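Undergrad: Sequence plus predicted model, see below.
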Amino acid sequence: MAQPVLEWQAGTVTAIRPETRQTKSFTLALPKWMAHRAGMHYDVRLTAPDGYQTERSYSIASAPERVGLIELTVERIADGEVSPYLHDVVVTGDQIEVRGPIGGYFVWEVRLGGPLLLIGGGSGVVPLMAMLRHRAAEHATIPARLLYSSRTQDDVIYRDELDAMAAGDKGFEALFTFTRQAPPGWTGYQRRIDGEMLHEVIKPFGEQARVYVCGPTLLVESVANALAQMGLPIERIRTERFGPTGV
Amino acid sequence: MNMDDADMNTALMVDGNAVAGKLMDVFGRDMTMAVARCAACAREAAMGALMAFIRAPGIVLRCPTCEAAIARIVETPTALYIEARGATFLRLPRE
């Protein structure tokens, strides 16, 4: 019954891709890679010369079908201990101590079925992207919608990939809302996610929807409360709260 | 941003997923799908769904329904303390 305790291992950074001004994706090659379930995370540990250690959890952005590698998309938190180091210091070829994959609650895989409604705020889209990449890698036809809240167009992570995914897949639709400034000519949502918006987005799926909500805590709280008020069965809603980052 | 204390506490809250690695250290397995029954209100919740307060010297896990403290985890240089009297039981699914 017990699974082996995960060990720390040194992953090698094989690629760093800027996603937005505040986010970068780090690809790590892992000597002891294990297939994850989309939605899981890795812990990253930094050790200072004096022995001081600090850890943070980062969601896996890549699909489990990418064998041997994981991609972590990390938002730079200005007063953070780990993310500024990853953003400002780490270069390709460096080694980073990680352990994972971790978590079993906020996960989705094709065999769980759908329809799948993914709701993300800011970097909360990262584990949802792993779910979408997994769905695409498996050529699943399970209907899926993503509702993604960002401050501005420039803050949207994976925009090109999401647009390409939606263009080539009748079963998937990406819906964006902008909370600070919408791009010129934008006719879509431009406010924080609210009950009316959720009602519209969930409509094609009804109560059958499997809903995953990830983002800053206040966003997740308000979305989860609105979904509960709509009468969605609580066992079909999974949430993951990132903490205080405001969107 | 103006926030009163209650709002700030809510904003700083994460959930049991965020301490999954720490729980794995303690229990030797993934605990996010383990169910805790709250001793205060008797509701059950997956540990991944508990409210987690981690910006402190220790970790406090609270019931998502009634907000009672289910467990506290504190690490010192020589020991790890787990106090879980807020849980009637933990139910670990066989894997």
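TA: That came through, no problem. Numbering: from 1, shown residues only, chains lettered A, B, ... in the order given.
Undergrad: and the closest residue in space to residue A:123 that isn't next to it in sequence, how far is that from residue B:59?
TA: If the residues on either side of it in the chain are set aside, residue A:123 comes closest to residue A:75, at 4.1 Å by CB to CB, 6 or more residues apart in numbering or on different chains. Using the backbone N, CA and C atoms, a C-beta is placed for each residue, glycine as well. Here the distance between residue A:75 and residue B:59 works out to 22 Å (CB to CB, to the nearest Å).
Undergrad: how many other residues sit next to residue B:25?
TA: Other residues within reach of residue B:25, judged by other CB atoms under 10 Å in any protein chain shown, total 16.
Undergrad: Name whatever forms a beta bridge with residue A:172.
TA: Beta-bridge pairing of residue A:172, defined through DSSP bridges, involves residue A:144.
Undergrad: helix or strand for residue 93, which one?
TA: Because you didn't say which chain, this covers chain A. Assigned by DSSP states H and E, residue A:93 belongs to no helix or strand.
Undergrad: sorry, should have said chain B
TA: In this structure, residue B:93 sits in neither a helix nor a strand according to DSSP H and E.
Undergrad: close enough to count as contact, it and residue B:34?
TA: Yes: judged on CB atoms under 8 Å, residue B:93 makes contact with residue B:34 at a distance of 7.0 Å.
Undergrad: ok, these two, which is more surrounded?
TA: For residue B:93 and residue B:34, the more surrounded residue by other CB under 10 Å is residue B:34, and the numbers stand at 19 against 11.
Undergrad: which residues touch residue A:183?
TA: With contacts defined as CB atoms under 8 Å, 6 or more residues apart in numbering or on different chains, the neighbours of residue A:183 are A:152, A:153.
Undergrad: For chain B, see how far away it is.
TA: As for residue A:183, its distance to chain B is 25 Å (criterion: CB to the nearest CB, to the nearest Å).
Undergrad: cool, and residue A:159?
TA: Residue A:159 sits 26 Å away from chain B when distances are taken as CB to the nearest CB.
Undergrad: And residue A:179, by the same measure?
TA: Note on residue A:179: its distance to chain B, by CB to the nearest CB, is 14 Å.
Undergrad: did I read that right, that residue in a helix?
TA: No: for residue A:179, which was evaluated using DSSP: H, G, I helix; E, B strand; the rest coil, the result is strand, with no helix membership.
Undergrad: Show the pLDDT at whichever residue of chain A sits closest to chain B.
TA: Closest residue of chain A to chain B, CB to the nearest CB: residue A:105 (2.7 Å). Residue A:105 carries a pLDDT value of 93.
Undergrad: can you confirm it is in a helix?
TA: No: the secondary structure assignment for residue A:105 gives coil rather than a helix, going by three-state DSSP.
Undergrad: and it, how many residues sit next to it?
TA: Other residues near residue A:105 come to 23 when the count uses other CB under 10 Å.
Undergrad: That one and residue B:50 touch, don't they?
TA: No: shown here, residue A:105 and residue B:50 do not form a contact pair, counting by CB under 8 Å, at 10.0 Å.
Undergrad: who are the neighbours in contact with residue A:98?
TA: A:8, A:9, A:10, A:11, A:28, A:30, A:42, A:43, A:44, A:45, A:70.
Undergrad: Rebuild those as JSON lines, extending it with distance to residue A:157.
TA: Compiled in JSON lines, the contacts of residue A:98 are given as follows (distance: CB to CB, whole Å):
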{"residue": "A:8", "distance to residue A:157": "27"}
{"residue": "A:9", "distance to residue A:157": "26"}
{"residue": "A:10", "distance to residue A:157": "26"}
{"residue": "A:11", "distance to residue A:157": "21"}
{"residue": "A:28", "distance to residue A:157": "18"}
{"residue": "A:30", "distance to residue A:157": "23"}
{"residue": "A:42", "distance to residue A:157": "18"}
{"residue": "A:43", "distance to residue A:157": "21"}
{"residue": "A:44", "distance to residue A:157": "18"}
{"residue": "A:45", "distance to residue A:157": "24"}
{"residue": "A:70", "distance to residue A:157": "17"}
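Undergrad: How about residue A:65: what's its closest non-neighbour residue?
TA: In space, residue A:65 comes closest to residue A:137 once its chain neighbours are excluded; the distance is 4.0 Å by CB to CB, 6+ apart.
Undergrad: just checking, residue A:40 touches residue A:107?
TA: Yes: here residue A:40 lies in contact with residue A:107, judged by CB under 8 Å, at a distance of 6.0 Å.
Undergrad: If you count surrounding residues, which of those two has more?
TA: Here residue A:40 and residue A:107 are compared on neighbour count by other CB under 10 Å; more neighbours surround residue A:40, at 27 against 23.
Undergrad: Tell me how far the more buried one lies from residue B:10.
TA: Note on residue A:40: its distance to residue B:10, by CB to CB, is 25 Å.
Undergrad: And for the residue in chain B that chain A sits nearest to, the neighbour number?
TA: Using CB to the nearest CB, residue B:48 is the residue of chain B that sits closest to chain A, at 2.7 Å. Counted with other CB under 10 Å, residues neighbouring residue B:48 total 26.
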